[in-house]
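S.K.: Fold the following.
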Amino acid sequence: MSSTYRIFISGMAYDNGKSGISLYIRKVVKYLSKDHQIELLMLKKDAKIFSIKNKNLKIITVSNFWAKPVINMLWHLFILPFTRNYKKYDFILLPAGNRRIFCYYPCYTIVTFHDLSQFYITHKYDRFRMFYIKKIVPFFLKKANSVMAISNCTKRDLQKFYKLKKVWVNYNGYEKPVVSQAQVKKVAEVEGKFLFYLARVEHPGKNHLNLIKAYEQLPKDVKQEYELVFAGKVWEGSEPVMHYVANSADKARIKFLGFVEEAELSWLYKNCNLYVFPSFYEGFGLPLLDAMNYGVPIICSNTSSLPEVGGDAVLTFDPSDSKQIAERILQVLQDKDLQNRMIKAGFERLSNFDWAKHVHKIVGDYEKNG
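M.R.: Sure thing, here's the model as predicted:
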């Protein structure tokens, strides 16, 4: 990166800092702003909590009036492309292309696309948002200069469902959390050994129900030894999950912690005995990398990008088969040698994912094609 560029980035899908896309925006802004001049557009409420600060970063704020999802989508799509002097930027980065794009691209624009889970998970969102992702997004996405997928799985889906011909892959990076031992905060609700899953509580996509049903099938002595712990914000459509747990015979051993801060999340990863990722569909699956970093054995779904990202560091299962999930849990918990091999493979695989490389490729795309 010999040149310094002026880059406009939209942070209008920041989700109060509590989603995978929020994390993506933070990391990309952090690493791009080390060498380039960044102007980041955000809602006022999100700008207040945005943690990245440096001399190369200027945050532009807009009214929280635009926070409501439908208004946000439409304003971003039809008004934002015409309300700024984009001639002063070298290129635009839209980091959440599956949620916020432009109807018109005033200068070279790179769009990051995370997933097309809506094509796999029925009724994932309301009718308007399903129409938006299935009809509106592909029409305007085809006008973008560059579409970047975060996995080969997402690239294949863009080619299949959107008929996009020019899509390139740039894996998400990974940065080890900077949490000192003194900062790590024990989660009071969790005692002893436990299985862990981090995801917003969203039904059916994140598939909490089949993991709970798998846990119920474990031998009684295993359930007495291991709790099942979930972390993640309660999202739309969580009612079937919560209702099921309330009526489960194992409800005392199943914990929902809600959104947890970094200090508590670090403790959960450090102390869990197995990370289980039963999601039906993921564009990438960043928690896989966190679990690898903390030396945790991982089992995950054999669908979407998870086997691609996990490689030989994970064991997979059919996410629709609770019996098979239970079998995988027992297989790992009862084999210490297998756990050690998986942990070692996880540390080795982690080196493939680097945020500096990710942003280097973004800039490289502009330099080659802009």
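
S.K.: any low-confidence regions in the stretch 1-150 of the chain?
M.R.: Scanning the stretch 1-150 of the chain with the threshold set as pLDDT under 70 gives 1-2, 123-124.

S.K.: Which parts of it are strands?
M.R.: Assigned by DSSP state E, counting those that start in this stretch, the stretch 1-150 of the chain shows strands spanning 6-10, 37-43, 57-62, 91-94, 109-113, 146-149.

S.K.: Residues in contact with the second one: which ones?
M.R.: Strand 37-43 is contacted from outside by 4-12, 14, 29, 32, 50, 56-64, 66-67, 80, 89, using C-beta atoms under 8 Å, 6 or more residues apart in numbering. Glycine gets a C-beta too; all of them are placed from N, C-alpha and C.

S.K.: and with 7 Å instead?
M.R.: Here strand 37-43 makes contact (C-beta atoms under 7 Å, 6 or more residues apart in numbering) with 4, 6-12, 14, 29, 32, 50, 56-62, 64, 66-67.

S.K.: okay, the strands of the stretch 1-150 of the chain in a markdown table with distance to residue 229 and mean neighbour count next?
M.R.: As requested, these are exported to a markdown table (distance: least, C-beta to C-beta, whole Å; neighbours: other C-beta atoms under 10 Å):
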| stretch | distance to residue 229 | mean neighbour count |
| --- | --- | --- |
| strand 6-10 | 35 | 21 |
| strand 37-43 | 32 | 21 |
| strand 57-62 | 35 | 16 |
| strand 91-94 | 35 | 25 |
| strand 109-113 | 31 | 26 |
| strand 146-149 | 32 | 24 |
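
S.K.: wait, which of those strands is closest to residue 201?
M.R.: Residue 201 lies closest, by C-beta to C-beta, to one member of the strands of the stretch 1-150 of the chain: strand 37-43, at 24.0 Å.

S.K.: so how far is the closest one off the chain centroid?
M.R.: How far strand 37-43 lies from its chain's middle: 21 Å, per C-alpha atoms, centre = their mean, to the nearest Å.

S.K.: Pairing partners for it, with directions?
M.R.: strand 6-10 (parallel), strand 57-62 (parallel) (DSSP bridges).

S.K.: can you tell which of the ones you listed is closest to residue 228?
M.R.: When the strands paired with strand 37-43 are compared by C-beta to C-beta, strand 6-10 sits nearest residue 228, at 37.7 Å.

S.K.: For the stretch 51-200 of the chain, just list every one of the helices.
M.R.: 69-78, 127-131, 137-141, 152-161 (DSSP state H, counting those that start in this stretch).

S.K.: And the first one, what's buried?
M.R.: Read it as helix 69-78. In terms of neighbour count (16 or more other C-beta atoms under 10 Å), helix 69-78 has its buried residues at 72-77.

S.K.: same question, the second one
M.R.: Using 16+ other C-beta under 10 Å as the test for burial, helix 127-131 gives residue 129.

S.K.: And for the third one?
M.R.: Buried residues in helix 137-141, counted by 16+ other C-beta under 10 Å: 137-138, 140-141.

S.K.: Tabulate the helices of the stretch 51-200 of the chain (TSV), appending distance to residue 295.
M.R.: Formatted as TSV, the helices of the stretch 51-200 of the chain follow (distance: least, C-beta to C-beta, whole Å):
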stretch	distance to residue 295
helix 69-78	38
helix 127-131	38
helix 137-141	39
helix 152-161	26
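
S.K.: Please list all residues in contact with residue 128.
M.R.: Per C-beta under 7 Å, 6+ apart, neighbours of residue 128: residue 70.

S.K.: returning to that earlier point: to residue 247, which of the strands paired with strand 37-43 lies closest?
M.R.: For these, distance to residue 247 was read as C-beta to C-beta. The smallest value, 43.3 Å, belongs to strand 6-10.

S.K.: roughly how far is the closest one from the heart of the chain?
M.R.: How far strand 6-10 lies from its chain's middle: 21 Å, per C-alpha atoms, centre = their mean.

S.K.: for stretch 345-357, same thing?
M.R.: When distances are taken as C-alpha atoms, centre = their mean, stretch 345-357 is centred 16 Å away from the chain's centroid.

S.K.: Tabulate the CA atom coordinates of it in PDB.
M.R.: Below are the C-alpha coordinates for stretch 345-357, written out as PDB (Å, rounded to 0.1, in the frame of the first residue of the first chain):
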ATOM      1  CA  ALA A 345      -5.400 -28.000  14.300                       C
ATOM      2  CA  GLY A 346      -7.400 -24.900  15.300                       C
ATOM      3  CA  PHE A 347      -4.300 -23.000  16.300                       C
ATOM      4  CA  GLU A 348      -2.700 -23.900  13.000                       C
ATOM      5  CA  ARG A 349      -5.700 -22.900  10.900                       C
ATOM      6  CA  LEU A 350      -6.200 -19.600  12.600                       C
ATOM      7  CA  SER A 351      -3.100 -18.200  10.900                       C
ATOM      8  CA  ASN A 352      -5.000 -18.200   7.600                       C
ATOM      9  CA  PHE A 353      -7.200 -15.300   8.700                       C
ATOM     10  CA  ASP A 354      -5.700 -11.800   9.000                       C
ATOM     11  CA  TRP A 355      -7.500  -8.400   8.900                       C
ATOM     12  CA  ALA A 356      -4.400  -6.700   7.500                       C
ATOM     13  CA  LYS A 357      -4.500  -9.100   4.600                       C
END
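
S.K.: those strands in the stretch 151-300 of the chain, which residues are they?
M.R.: Using DSSP E, counting those that start in this stretch, strands in the stretch 151-300 of the chain cover 167-169, 193-198, 226-231, 254-256, 274-277, 298-301.

S.K.: Extract the CA atoms of the helix or strand following the last one and return them as CSV.
M.R.: Secondary structure here is assigned by DSSP states H and E; on that basis, the next helix or strand after strand 298-301 toward the C-terminus is helix 306-310. These are the backbone C-alpha positions of helix 306-310, laid out as CSV (Å, rounded to 0.1, in the frame of the first residue of the first chain):
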residue,chain,number,x,y,z
LEU,A,306,-18.7,-23.6,8.3
PRO,A,307,-16.8,-26.6,7.0
GLU,A,308,-14.9,-24.3,4.6
VAL,A,309,-13.8,-22.0,7.5
GLY,A,310,-13.3,-24.7,10.0
